[in-house]
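Colleague: Make a model of this:
(2 chains)
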Protein chains: 2
Amino acid sequence: MAVYTEVSDDELTAFLAGYDIGQLLSCKGIAEGVENSNFLLHTGAGFFILTLYEKRVDENDLPFFLGLMDHLSERGLSCPRPVHDNNGLALGTLAGRRAAIVTFLDGLSVKRPEAKHCAMVGESLARLHQAGDNFHIKRRNALSVDAWPGLFHSAEARADGVLPGLAVAVAQELSHLEQNWPKGLPSGVIHADLFPDNVFFLSGQLSGVIDFYFACNDFLAYDLAVCLNAWCFELDASFNITKGMAMLSGYQRVRKLEAAEVEALPVLARGAALRFMLTRLVDWLNVPEGALVKPKDPMEYVKKMRFHQHVTGARDYGLLQ
Amino acid sequence: MAVYTEVSDDELTAFLAGYDIGQLLSCKGIAEGVENSNFLLHTGAGFFILTLYEKRVDENDLPFFLGLMDHLSERGLSCPRPVHDNNGLALGTLAGRRAAIVTFLDGLSVKRPEAKHCAMVGESLARLHQAGDNFHIKRRNALSVDAWPGLFHSAEARADGVLPGLAVAVAQELSHLEQNWPKGLPSGVIHADLFPDNVFFLSGQLSGVIDFYFACNDFLAYDLAVCLNAWCFELDASFNITKGMAMLSGYQRVRKLEAAEVEALPVLARGAALRFMLTRLVDWLNVPEGALVKPKDPMEYVKKMRFHQHVTGARDYGLLQ
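Modeller: The predicted model follows:
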């Protein structure tokens, strides 16, 4: 839940005067997102989401994120669309923060995904990869294999307090991944954080994708590896191959994986598990005093990491060939 | 901010099947209220607020609160209106909590009230008192003069840690109030918590009143005393008599105060200041581990209490006679 910055009605009214979305009728802070402050606006033109970007988001990345949402929605992907102000700008300033207004997207996220949801997510992910193909701004993945040692070192000394032996296990995993990380796979815009929270469904259909604030350029198959981790494990951290199969088939109905991507899938999945384990571990060990956000348990991803270590090929994720 | 209970989509969909408000399109936790969990619902029939009542609210009081909102809105007061289910009930059960759906009310609360807002609040408060006149359910004020000693005793030992000398000052104030608390003033339904957060404005007009979860039967003039405390002080805890005058005149345009109410206003204002000081003090001293709610500073109301101690008559609040 997240409202880090309070906005006065005067500031908000002045800000909205620069947009052609009618009179402000209501503004409610919403308990969503952990990086930014989010408000649901009701104006004469309908409902919108107002986001104030907090310190954890690099201001220089905002044109990429907002431009990408414009680009993807123009290409038919259902995602929040930035509202441009009277000068044509999607990015403004409010209450000392960079701020943007995007369209409100109906839909509900599923708490316990089933195989049918995994299939739709796989399909939409492939469509996102295709739609992002010719986006003109680039953003490197700031949380890829080269960033993991730094994350680990900031948590290393206290890692064994979370789980005895974790520091050594992570060091070994890092070394394995650095030596085996693939090169030259098909690359493009990836969502990089397509967790169930960020996918909406309505009437049994996938209705939209939100939260592009980790999107970047990287291997397309790495995005699929993130989704396998996020959607296809059960609560007890066991991998559900029926869900994996549904997701991989859904993806390949739209975009066929190349042989090199199939071969790399296990190492990409290990990397994706480590990436989320590490950021959760760092957050877990650094909960600020008086924090309004409950950090997520890194142990979930330690268990997923262990599963991937025993995978022998993409078939173990449900890939049919 | 408040979302204490997570609701699964399945539970919510099953719950909504009992109401005639169309298909669920969206549900977002909102950062509002400190006692309950609140969600903004979008359905085929529009926008609504779903409230899950948490432990701090006594279940036996819910028919009073919901019935009152029905009663007041039937009488033309703009406030959230409970949506009744297909069995005619305003109160249901969801995720193990008592739950209700009310209409969504547009409007913005003012962070820094001006005299014009105070005038409108005074007027609306009097209308609320009139509209509540014949409401058939009764609820005693659980936070009136007889409850303050108990609140104080739970905080007494640590009160001087907040402000040296506070325990003695409160004990003296309690004794003064117990001896001088008025009897037999005009009584009826009062809001009892009409702070700026709970009043909406649109296009310069008061558009609605929300949050009836402290409403009860008590002296009508006590409600006005709560509002003088909540609306007419500046940030430095100085009383703004222009605002007081606007509020009292606004109130009396609708309902004329009786002589006994005018005479009692200073002691009622002292009592109202002590009541909010005490609940804030108790909350301040008992912030639960990992609380998502930042408690309000009791010192604000210590200062207001001191102001009221030097008031010699209702004229000091701006009453014109």
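Colleague: What are the boundaries of the helices in the stretch 51-200 of chain A?
Modeller: Assigned helices in the stretch 51-200 of chain A, in chain order: A:62-74, A:115-131, A:148-162, A:166-180 (criterion: DSSP state H, counting those that start in this stretch).
Colleague: Identify the residue spatially nearest to residue A:57, adjacent ones excluded.
Modeller: residue A:35 (5.8 Å; C-beta to C-beta, 6 or more residues apart in numbering or on different chains). All C-beta atoms are positioned from the backbone trio N, CA, C, and that covers glycine.
Colleague: The one you found against residue A:55, yeah?
Modeller: No - between residue A:35 and residue A:55 there is no contact under C-beta atoms under 8 Å: 9.1 Å.
Colleague: Neighbour count for those two, which is higher?
Modeller: Shown here are residue A:35 and residue A:55; by other C-beta atoms under 10 Å in any protein chain shown, residue A:35 has more neighbours (17 against 10).
Colleague: list the contacts for the more buried one?
Modeller: Shown in contact with residue A:35 (C-beta atoms under 8 Å, 6 or more residues apart in numbering or on different chains): A:2, A:53-54, A:56-57, A:213.
Colleague: again with residue A:45
Modeller: Residue A:45 neighbours (C-beta under 8 Å, 6+ apart): A:20-22.
Colleague: if you set the cut-off to 10 Å instead, what comes out?
Modeller: A:19-23, A:83, A:103 (C-beta atoms under 10 Å, 6 or more residues apart in numbering or on different chains).
Colleague: On the three-state scheme, residue A:287 is what?
Modeller: coil (DSSP: H, G, I helix; E, B strand; the rest coil).
Colleague: hmm, back to that, now name the helix or strand holding the residue nearest to residue A:57.
Modeller: Assigning secondary structure by DSSP states H and E places residue A:35 outside every helix and strand.
Colleague: ok so, going back, pipe the helices of the stretch 51-200 of chain A into CSV and attach distance to chain B, mean pLDDT and mean neighbour count per row.
Modeller: Formatted as CSV, the helices of the stretch 51-200 of chain A follow (distance: least, C-beta to the nearest C-beta, whole Å; pLDDT from 0 to 100; neighbours: other C-beta atoms under 10 Å in any protein chain shown):
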stretch, distance to chain B, mean pLDDT, mean neighbour count
helix A:62-74, 18, 97, 19
helix A:115-131, 11, 98, 22
helix A:148-162, 18, 94, 16
helix A:166-180, 23, 97, 16
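Colleague: re the thing from before, can you tell me which of the contacts of residue A:45 are buried?
Modeller: Those of those that meet the buried threshold are A:19, A:21, A:83, A:103, by 16 or more other C-beta atoms under 10 Å in any protein chain shown.
Colleague: Between residue A:35 and residue A:55, which contacts overlap?
Modeller: residue A:4.
Colleague: Against chain B, how distant is residue A:11?
Modeller: Relative to chain B, residue A:11 is positioned 10 Å away (C-beta to the nearest C-beta, to the nearest Å).
Colleague: Which SSE is immediately downstream of the strand or helix carrying that residue?
Modeller: Using DSSP H and E, residue A:11 sits in helix A:9-16. Where DSSP H and E defines the elements, the next helix or strand beyond helix A:9-16 is strand A:24-29.
Colleague: Just the C-alpha atoms of that following strand, please, in PDB.
Modeller: What follows is strand A:24-29, C-alpha atoms only, in PDB (Å, rounded to 0.1, in the frame of the first residue of the first chain):
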ATOM      1  CA  LEU A  24     -11.700  17.400 -10.200                       C
ATOM      2  CA  LEU A  25     -14.500  15.600  -8.400                       C
ATOM      3  CA  SER A  26     -12.600  13.200  -6.100                       C
ATOM      4  CA  CYS A  27      -9.100  12.000  -5.300                       C
ATOM      5  CA  LYS A  28      -8.500   8.900  -3.100                       C
ATOM      6  CA  GLY A  29      -5.100   7.500  -2.200                       C
END
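Colleague: I'd like to know which elements the next helix or strand after that strand is packed against.
Modeller: Counting by DSSP H and E, the next helix or strand C-terminal to strand A:24-29 is strand A:37-43. On a contact count with 3 or more C-beta pairs under 10 Å, 6 or more residues apart in numbering or on different chains; DSSP states H and E, strand A:37-43 meets helix A:9-16, strand A:24-29, strand A:46-53, strand A:97-103, strand B:24-29, strand B:37-43.
Colleague: Please name the strands paired to strand A:37-43 in the sheet, noting orientation.
Modeller: Partner strands for strand A:37-43, per DSSP bridges, with pairing direction: strand A:24-29 (antiparallel), strand A:46-53 (antiparallel).
Colleague: Format these as CSV; extra columns: distance to residue A:87 and mean neighbour count.
Modeller: Formatted as CSV, the strands paired with strand A:37-43 follow (distance: least, C-beta to C-beta, whole Å; neighbours: other C-beta atoms under 10 Å in any protein chain shown):
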stretch, distance to residue A:87, mean neighbour count
strand A:24-29, 19, 20
strand A:46-53, 18, 21
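Colleague: Not counting its neighbours along the chain, what's nearest the residue of the stretch 101-250 of chain A found nearest chain B?
Modeller: Residue nearest to chain B within the stretch 101-250 of chain A: residue A:106 (4.2 Å; C-beta to the nearest C-beta). In space, and not counting its chain neighbours, residue A:106 is closest to residue B:25: 4.2 Å by C-beta to C-beta, 6+ apart.
Colleague: How confident was the prediction at that neighbour?
Modeller: Listed pLDDT for residue B:25 reads 95.
Colleague: same thing with residue A:30?
Modeller: 89.
Colleague: the domain parsing of chain A - what is it?
Modeller: A:9-103, A:115-317 (automatic domain parsing).
Colleague: Can you give the distance of the longest one from its chain's centre?
Modeller: The gap between the average C-alpha position of domain A:115-317 and the chain average comes to 9 Å, counting by C-alpha atoms, centre = their mean, to the nearest Å.
Colleague: now swap in stretch A:55-63 and tell me
Modeller: 15 Å.
Colleague: got the CA coordinates for that stretch in CSV?
Modeller: In CSV, the C-alpha atoms belonging to stretch A:55-63 read as follows (Å, rounded to 0.1, in the frame of the first residue of the first chain):
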residue,chain,number,x,y,z
LYS,A,55,12.8,8.5,-4.8
ARG,A,56,13.3,4.8,-5.7
VAL,A,57,12.4,5.6,-9.3
ASP,A,58,15.1,7.2,-11.4
GLU,A,59,13.6,10.3,-13.0
ASN,A,60,15.6,9.7,-16.2
ASP,A,61,13.7,6.4,-16.7
LEU,A,62,10.2,8.0,-16.7
PRO,A,63,10.2,9.0,-20.5
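Colleague: right, and the residue nearest to residue A:106 touches residue B:41 too?
Modeller: Yes - with contact defined as C-beta atoms under 10 Å, residue B:25 counts as touching residue B:41 (8.3 Å).
Colleague: Could you pull out the residues contacting both of these two?
Modeller: Common neighbours of residue B:25 and residue B:41, counting by C-beta under 10 Å, 6+ apart, are residue B:47.
Colleague: Residue ranges in the stretch 151-300 of chain A under the pLDDT threshold?
Modeller: Counting by pLDDT under 70, the stretch 151-300 of chain A shows low-confidence ranges at A:288-293.
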